[in-house]
Structures are given as C-alpha cells and as structure tokens.
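Peer 1: Next come a sequence and a model predicted from it.
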Amino acid sequence: MRERFVIDVGDFSRFNPGPQAPVWWGILGLVVIEATVIMAFIATYFYLRLMAPAWPPEGVEPPPLLLPSISVVLLLGSSMTMQWGSKCIENEQYNRFVVAMFTSVGLACTVLMLRWQQFQELGVPWDEHVYGSIVWTIMGFHFVHLISAAAGTLVVGILGIKRYFNPQQKIGVVVDTLYWNFVSLVWIPLYLVVYWVPRWL
Amino acid sequence: MSQVTANMPESASSAPSEQATAELNRTWASPAGFFGWFTHVNHRKIGFRFIMTSLVFFVLAGVLALLMRLQLITPENSLMGPELFNQLFTMHGTTMMFFFAVPIMEGLGIYLVPLMIGTRDMCFPRLNAFGYYVYLIAGIVLYLSLFLGMAPAAGWFAYVPLANDMFSPGKGMDIWTTMITFIELSALTAAVELIVTIFKQRAPGMSLDRMPLFVWAILVMSFMIVFAMPTVMVGSILLMLDRTLMTQFFVVASGGEPLLWQHLFWFFGHPEVYIIFVPALGVLSAIITTFTHKRLFGYTAMVLSLVAIGFVSFGLWVHHMFTTGLPHLGLSFFTGASAMIAIPSGVQIFCWIASLWGARIRFATPMLFVLGFFAVFVIGGLTGVMVASIPFDMQVHDTYFVVAHFHYVLIGGAVLPLFGGIYYWYPKATGRLMSERLGRWSFALIFIGLNATFFPMHQLGLEGMPRRVYTYLETMGWGNLNLFISLSAFVLALGFGLTFLNMWMSRSRGTPAGPNPWDADSLEWATDSPPANYNFRHIPVVRSGTPLWDDAIANERQFVSGLRNDRREVLVTTLVDAEPQAVVILPQPTIWPVLLAVAVSIGFIGTIFSPWGFWLGFFLSFWMIVGWLWPRRPWQEN
C-alpha cells in the first residue's frame, strides 16, 4: 500500500494561549460542572422553600443586605482587575500584571472577611431549621470557592514575579481568569437567591 | 487541508529510520518497576487499570450476590442475619453501579478513544491517572468497611430517613456518602477528559460525521456524566452534612424533606442507567459493523438517537418515585417521557436489524453476545414499558418484578455488549485472540444462567415477594422458585468465570492476532497489537467513515509529519471539521497525581471523623496541585 505524508505540522507554534489549547476546554468543563452543582443547590433551595409553610421560618428575618451588596461590587471589580492583568501580559507590562493579580487577591480576601461577618448576621444557625442549613451551605460553598480562586491566583501572581508569563506563554493566566470570572460572577445569582428571594417572593 | 505541500517524501515507510522510531518509543515509554507504576500517565495503562479494577469489583459484587442467593435458597434460612444481608445488597448495588459499570465504560473509553480517533494520548494524562487513584482508594475504603463489619446498609440509593444518623448510626453511611462523592469525582474528571480529547484531538479529516459510533457514544456518556453526577454529589454532600454537622436537610421535624433526597438521587440515578447503557450501544455498533463487514445502516439516525437518549434520560427520574404521592399531572408527564425514550431506542434497534439484514454475518463470540443482547434487552424493555404505567408500577413496586426488570436491562443492555467488547478488543490490547471454544461455552452459560436466574423473579414479584428481605416464610410458597433461582445464579457465575479463565489463558496461549484480526474498519486496528508506546508511528489522515476499508480500496494511506520524536507532542484539530490547528506538548510520567489523590482522600475520610479533616484535605490538595502545575525548567521552549 502506498504511504504518503500530506500534512506537515513541524512549523506550528507549540505555544497555545487561547481556546486551541485543550486545557482551556478542560477549565470550561470544570466551570460547567460547578455551574451544575450550583443549579442543584439553587433547585434545592426553591424546593425546600416550596415545601415550607413559611420562608424564612417564623421569627427569622431575611439577612441584612449591606455587606453582600458590597461584595457584589468588589467581586465585579476583581473581575476587572483580572481582565486588566491579561491586557498587561499582552502588552508585556509585567510589573503591572503582578499588581493586577495581587489586587484581585486582595479584593477576594476583603470579600472573604465580609463573608465571615455575613455568616454572623444570618441570624439563624445551620442546625436548627432547614432554612439555615441551605443558606449556610450555599454561602459556605461559595466561600470555599473564593478561597480556591484566590489561592490559585496568588500562585499565578508569584509566577508573574518570577517572570514566567509572556504573550506566548500565558495560558495559565487565561484559564485562571476564566475560573475567577466564574467564581466572582456566580455570586450574583447566589446573592439574589439568598438575600432577595426571601424579600421579594 | 491547509498544509498540503508538494515537496514531501512520497513514501512514508522509507522515511523514518529505526533510530527515530526507537527514540519515539522511548519518549512515550512508561517507567518500569514498582515505584514507576505510580507515575504512569499513558491512556492505555490507565484505561487498562480502570477495566481490570472494575472487573475485580464485578467479581466481588458477584460473590456478594451469590451469598445472598445462598441465604434465600430455602425459606427461613439462618445462614446470615438481617444486618449482614442489608450490608450485602447495599454493597452489591453500590459496587455494581458505581464501582463496576461506570468505571469500566470509562476505562473502555479511555483505552479505546485515542486509538479510534488517531492520537497518541488523551489531553490531560495526569488527570486521568488522578481519576484512577481516586477510584481505587474509594473502592478499597468501601470494601475495608465491609470486612470490618461497618458497611453501609441502607440500599444503593440510600433513602432518607433510613440513611439519617438516627436510623443508621455508625460510620457505614458516612463511608457511603464520602466514597460516592469520591467516585463521582473520578467519573467527572474522566468525562471532561474524554469530551475534550474527542473534540480537539481527532486525526485530521475525522470530521464529526466520520467519527466511529463508539466515540459518539462515549461523547454522549461523558456529557451525561457532566450534567448528572453533580446532583448526586450535592445530594451526598447534604446527607454528609446532616450526619456530621447536624444540618437538617432531611429531618422532617425541622422543615427538612426526605423526598428532596429522592429527587436529587434519581435526577442522577436515571441518567446513570443510560450512562451505562449508551457506551454499550457504541460497542454493539462497532461489533455489528465489523462482523457484517459493511457500514452501519442509518449512521445519522444512530447519532441523533444517541443524543436524543442522552437528553430524554434527564426527564425520566420521577418514574422511580411513582409511589411517593406526587401530583398526578407530574406523574402523567413522566409516564409520557418514559414511553418516549422507546422512540430513539427503537430507531437504534431497527438500524441494527437493517444492518444485519442480508449481510453475511460472521458468528464469532463477540457477535454472539450482540445477538444475546437483542433477546435479553427486548424482554427488559417490555417489562420497562409495563412498569412505566403507574397502576401496574404501584402493584409491583419494591417486589422482585422490579429486580427482574432492571437486571434484564442492565445485564442485557450493558454487561452482554461489554463482554462482547472484551472478546472483540482483547486482541488489540494483548496481541492474542481469546479462545472461541471457551467463548462460546461462556456465552451459552451466561445466556442460560441469566434467563434462568432472572426470569422466574418476574413470577416471584407478581406473587408479591418483596425485594430486600433476608428471608421468607415457607407458607408463602416461594421456596421452589427461589431454590431454582439460586442454583441458576451459580450457572451464570460459571459463565462469567469461563470468560475470566479465557482472558487469563489466552494471554500466553491465544492465537497471535496481528494488527487487524477481525478485518475491522476503524483506526485502532491500523496499529500494532498491542500498540507501541506511541500508538501510531505517524498520525493518520482520515478520508471516510470507515478509514481502513477505504484506504485498502484506494491502496493509499496518508499521514501527518512534523511531530517531534523527543517529547510528547500531540496534534490538536478543530472541533467540527478536524482541521489541524495546533500542537501541544503533553507531560511526562509523574508522581503528583498519586499525591493529590492521597491528599483528597485524607480530606474526604478525615471529614467522616471531624470537620477539620475537610480543611486539612483542602490545603494539602492545594499544595499538591501547585506542585503538579508548577512549571519545569526550561520555561520557554518551542
């Protein structure tokens, strides 16, 4: 049988900074899985609410709005600083990139501290009524994800200090930003469910 | 094709020197030795481990089933008490569903998909290895709990309130919830990896409409895993929280809802059945294509039905809950959806019949298992239509009729094709064919044993024998049928045993197979049996849906050049048309996946005993992930 080479890939670049890299699709898969988990939590919340005679239960006030609303702003801001970081890599401004990463981590840490206070202000423990159980679980779930995103970005920042990234080699920044945007933006639906649903519905 | 160049060497066979081939083989080699074993990342190594490990769990769960049958062989038998019996059926179901059926289908996909789509490894080899260790550790912990007498005992679907800590004290259910979360983690990593590999690493020219149906089936299975498994993870996390941190999700007195568990579980649990069944459909299509030696009838219809089954299976979960007092309208909807799944399933069956019609069929052992599938699965499908009707379901709910139904569909729908697949692909993995003679005996015993074991259970169910009872009174008159069933179960076990014996003996004694013993059409048969470390000496270029047959007709094979031999390079192609797009470098063998799996295990198992276990596992895992991903020098290398 005749055997022929018909395609040569020898001169393809081995750097793949965008969606042609499998890892970009892998992180997208992680985001889809996590989003499904969050949908399951939200469905659980509404199912329990549907079955409850009163929601929140008698004698429990909806949690206060100030801190979580500030968190929304801070998290949106952190998505912007991450975006700025990506631009900096593109323009080879490596010091600014490091500043962008650490600013994002700083914003996330602020949100984490606010979240700690929000837990105190929920006004209901997790082990007395199912309302408390689901609210604590949803908030805790997001809390843990914020810690992971911040820890991962911290490492990206440290690699930035070591000048690891450049315009060809930046897939780590791209996928970290992708995951970060998921974690920060998913707070908006969770915020609406936990803080506004007991008021509106 | 974008990169066709005229000045390429005409002949590929003369171009690569033996030296270059040896270098390529070294580049893709897996380290030898005991410690080397823990560093393997190659998809064939990991896929093979998945398959062998799940077969071990299949045998273990089978032994548990035989023990249960021994207990039920006569009325009021005192071989074991209710506690042990409860543990046995819980472990049997849990093992068969989570530790055998899903992992073996994933293992088959991990082993075969890269070979079928013409690439050298999967896109995230280390994640593959991680998924395997997580699975292995979960299985070992679960079975340790059985041998320590603290196994879960609330059934494989762990209904609350029975599974709450009030009614299931001890650590058994905690082990169940954590190990289920664990195994889901393993399944999810494999699913993402399979999806991305199928999307991005197909050989040039293998557009979506030229993809083998087995690969389509694995793709649909993986998407179903991605959307189904998270809900059972959420369910088991909530149950875990209820049991360890005293949350109140399933405690009625505090506003909790036991039915929430059933919704979360079956929203996963019904797609789960199809997660097992869909890859089996792919196996059937591969075997039928090969043994009729013609392209399958209705390729597009087959693909659409696979996708339709994937979608519709998410609308069926409530038919497991017909007796829970849900609103009538809802029940009617789910009856309709349950009947609807018969349409795509029917399309598939008719396409296969049309493929077999008028073909010169070779009745080798894999084909026998396919024909066995038709008979058994149709019976299971018929009883499925029966239990989809609510009044009938109410009568037979929780009786042996249901046990008969789901063993027919699961063994008929998944295990028979799977064993056919083992006979079919064994020569690819080992280089030797399995014995046809033993294969025929094995098939005959499995087919007879399976019908003799499960068919009488329909009758027992209609006579009112409930499932999950550890014994029954003589006056019920169920003794003779139970005796017959128990004896038949041993025939079934003997049939499976013969295949295992066959696998063992054929390793050294089987007829050498050569690259393509069955004269099949798909790419995995284009390379050596077993394939060399690099899978394909050159990445093939695909020009049709049955590349091997059409290459033979055209008397020409086409390849890609330009991948380096001294590091692990694979070709990335576009999603729909599979045009060459990029080259990525895959990682070398590494120890980090094992370390991460151990860290995650510390977290999960620690959580059973203290909430601090979670944080310990969380931060250990973080360090392992950093170690895993930390770039190795030189940092910049093109």
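Peer 2: Here it is on my side, so go on.
Peer 1: Look up phi and psi at the closest residue to chain A within chain B.
Peer 2: Chain A sits closest to B:G562 of chain B, with a gap of 3.0 Å, by C-beta to the nearest C-beta. Placement of C-beta: from N, CA and C, glycine included. Here is the backbone geometry of B:G562 (degrees, to the nearest 10): phi 100, psi 0.
Peer 1: OK, contacts around it?
Peer 2: B:G562 is in contact with A:I7, A:D8, A:V9, A:G10, A:D11, A:F12, counting by C-beta atoms under 8 Å, 6 or more residues apart in numbering or on different chains.
Peer 1: Distance of the closest residue to B:R210 other than its chain neighbours relative to B:P279?
Peer 2: Take B:R210 and drop its neighbours on the chain: the residue closest to it by C-beta to C-beta, 6 or more residues apart in numbering or on different chains is B:G545, 4.5 Å away. Noted for B:G545: a distance of 19 Å to B:P279, by C-beta to C-beta, to the nearest Å.
Peer 1: Between the two, point out the one with more neighbours.
Peer 2: Using other C-beta atoms under 10 Å in any protein chain shown, the more surrounded residue of B:G545 and B:P279 is B:P279, with 29 against 20.
Peer 1: Touching, that one and B:L219? I think so.
Peer 2: No: in this structure, B:P279 is not within contact of B:L219 by C-beta atoms under 8 Å, at 10.0 Å.
Peer 1: one step back: please list all residues in contact with the residue nearest to B:R210.
Peer 2: Contact partners of B:G545, counting by C-beta under 8 Å, 6+ apart, are B:D209, B:R210, B:M211, B:P212, B:R295, B:Y299.
Peer 1: hmm, try it at 7 Å
Peer 2: B:R210, B:R295, B:Y299 (C-beta atoms under 7 Å, 6 or more residues apart in numbering or on different chains).
Peer 1: Show the pLDDT at it.
Peer 2: Per-residue pLDDT puts B:G545 at 92.
Peer 1: Where does it fall, secondary structure wise?
Peer 2: Using DSSP states H and E, no element contains B:G545; it sits outside every helix and strand.
Peer 1: ok, now the one 3 residues further on?
Peer 2: When elements are defined using DSSP H and E, B:L548 is found to belong to helix B:547-554.
Peer 1: separation between the residue of chain A found nearest chain B and A:Q169?
Peer 2: Taking C-beta to the nearest C-beta, chain B has its nearest neighbour within chain A at A:G10, 3.0 Å off. Going from A:G10 to A:Q169 by C-beta to C-beta gives 20 Å.
Peer 1: between the two, who's got more neighbours?
Peer 2: A:Q169 (19 against 11).
Peer 1: neighbours around the spatially closest residue to the more buried one that is not a sequence neighbour, how many?
Peer 2: Leaving aside its sequence neighbours, A:Q169 sits nearest to A:F15 (C-beta to C-beta, 6+ apart; 5.7 Å). A total of 19 residues lie near A:F15 under the criterion other C-beta under 10 Å.
Peer 1: just checking, A:F15 touches A:P167?
Peer 2: No: using C-beta atoms under 7 Å, A:F15 is not in contact with A:P167; the gap is 9.0 Å.
Peer 1: Buried residues, the helix or strand containing B:I175. List them.
Peer 2: Secondary structure from DSSP H and E places B:I175 in helix B:172-200. Of all the residues in helix B:172-200, those buried under the rule 16 or more other C-beta atoms under 10 Å in any protein chain shown are B:172-200.
Peer 1: Which strands and helices lie in contact with that helix?
Peer 2: helix A:22-51, helix B:102-117, helix B:125-147, helix B:213-244, helix B:592-609 (3 or more C-beta pairs under 7 Å, 6 or more residues apart in numbering or on different chains; DSSP states H and E).
Peer 1: max-length helix in chain B?
Peer 2: Counting residues, the longest helix found in chain B (DSSP state H) is helix B:258-292.
Peer 1: and what of chain A?
Peer 2: Taking DSSP H as the criterion, chain A has its longest helix at helix A:130-161.
Peer 1: that older thread, let me know the angle separating the helix holding B:I175 from helix A:22-51.
Peer 2: Angle, helix B:172-200 to helix A:22-51, by axes from the mean of the first three to the mean of the last three C-alpha atoms, to 10 degrees: 140 degrees.
Peer 1: Now do the helix-or-strand element of chain A with minimal mean pLDDT: distance to the chain's middle.
Peer 2: Least confident helix or strand, chain A: helix A:197-200 with a mean of 90, by mean pLDDT, DSSP states H and E. Relative to its chain's centre, helix A:197-200 lies at 24 Å (C-alpha atoms, centre = their mean, to the nearest Å).
Peer 1: Which residues outside that helix are in contact with it?
Peer 2: Helix A:197-200 is contacted by residues A:W55, A:P56, A:P62 when judged by C-beta under 7 Å, 6+ apart.
Peer 1: which one of the residues you listed is nearest B:L460?
Peer 2: Using C-beta to C-beta, A:W55 is the member of the contacts of helix A:197-200 that sits closest to B:L460, with 45.8 Å.
Peer 1: Now for that closest one, how many residues are close by?
Peer 2: A:W55 has 19 neighbouring residues, counting by other C-beta under 10 Å.
Peer 1: Distance of it relative to A:R199?
Peer 2: 11 Å.
Peer 1: Next: A:E3.
Peer 2: A:E3 is 71 Å from A:R199, where distance means C-beta to C-beta.
Peer 1: Of the two, which one has the most company?
Peer 2: Between A:E3 and A:R199, A:E3 has the larger neighbour count (other C-beta under 10 Å), namely 17 against 10.
Peer 1: Just say helix, strand or coil for the more buried one.
Peer 2: Following DSSP: H, G, I helix; E, B strand; the rest coil, we place A:E3 in the strand state.
Peer 1: surely it meets B:R557?
Peer 2: Yes: the pair formed by A:E3 and B:R557 meets the contact definition of C-beta under 7 Å, at 5.0 Å.
Peer 1: where are the low-confidence patches of chain A?
Peer 2: Along chain A, segments meeting pLDDT under 70 are nowhere present.
Peer 1: how many other residues sit next to A:V155?
Peer 2: Neighbour count for A:V155, taken as other C-beta under 10 Å: 18.
Peer 1: Now do the contacts for it.
Peer 2: B:V626.
Peer 1: What residues does A:I89 make contact with?
Peer 2: In this structure, A:I89 makes contact with A:F97, A:F165, A:P167, A:K170, A:V173, judged by C-beta under 7 Å, 6+ apart.
Peer 1: Based on its surroundings, how many neighbours for the last one?
Peer 2: If I follow you right, that is A:V173. Neighbour count of A:V173, defined by other C-beta under 10 Å: 25.
Peer 1: wait, it sits on A:P167?
Peer 2: No: at 10.4 Å, A:V173 and A:P167 do not qualify as touching, with contact defined as C-beta under 7 Å.
Peer 1: what's around B:A129, how many residues?
Peer 2: 28.
Peer 1: Look at it and report its pLDDT.
Peer 2: At B:A129, the pLDDT value in this model is 96.
Peer 1: following the helix or strand that contains B:S442, which helix or strand comes up?
Peer 2: Assessed by DSSP H and E, B:S442 sits inside helix B:436-462. Heading C-terminal from helix B:436-462, the first helix or strand you meet, by DSSP H and E, is helix B:479-509.
Peer 1: buried set for that next one?
Peer 2: B:479, B:481-482, B:485-486, B:488-489, B:491-493, B:495-499, B:502-503, B:506.
Peer 1: Any stretches of the stretch 101-250 of chain B with poor pLDDT?
Peer 2: For the stretch 101-250 of chain B (pLDDT under 70), the answer is none.
Peer 1: what residues does it put near chain A?
Peer 2: Applying C-beta under 7 Å from any C-beta of the partner chain, we find that the stretch 101-250 of chain B lies next to chain A at B:123-124, B:188, B:192, B:195-196, B:199-200, B:204, B:226-227, B:230-231, B:233-234, B:241, B:245-249.
Peer 1: List buried residues within those.
Peer 2: B:123-124, B:188, B:192, B:195-196, B:199-200, B:204, B:226-227, B:230-231, B:233-234, B:241, B:247-249.
Peer 1: thought B:L60 was touching B:T95?
Peer 2: Yes: using C-beta under 7 Å, B:L60 is in contact with B:T95, at 6.3 Å.
Peer 1: Done for today, thanks.
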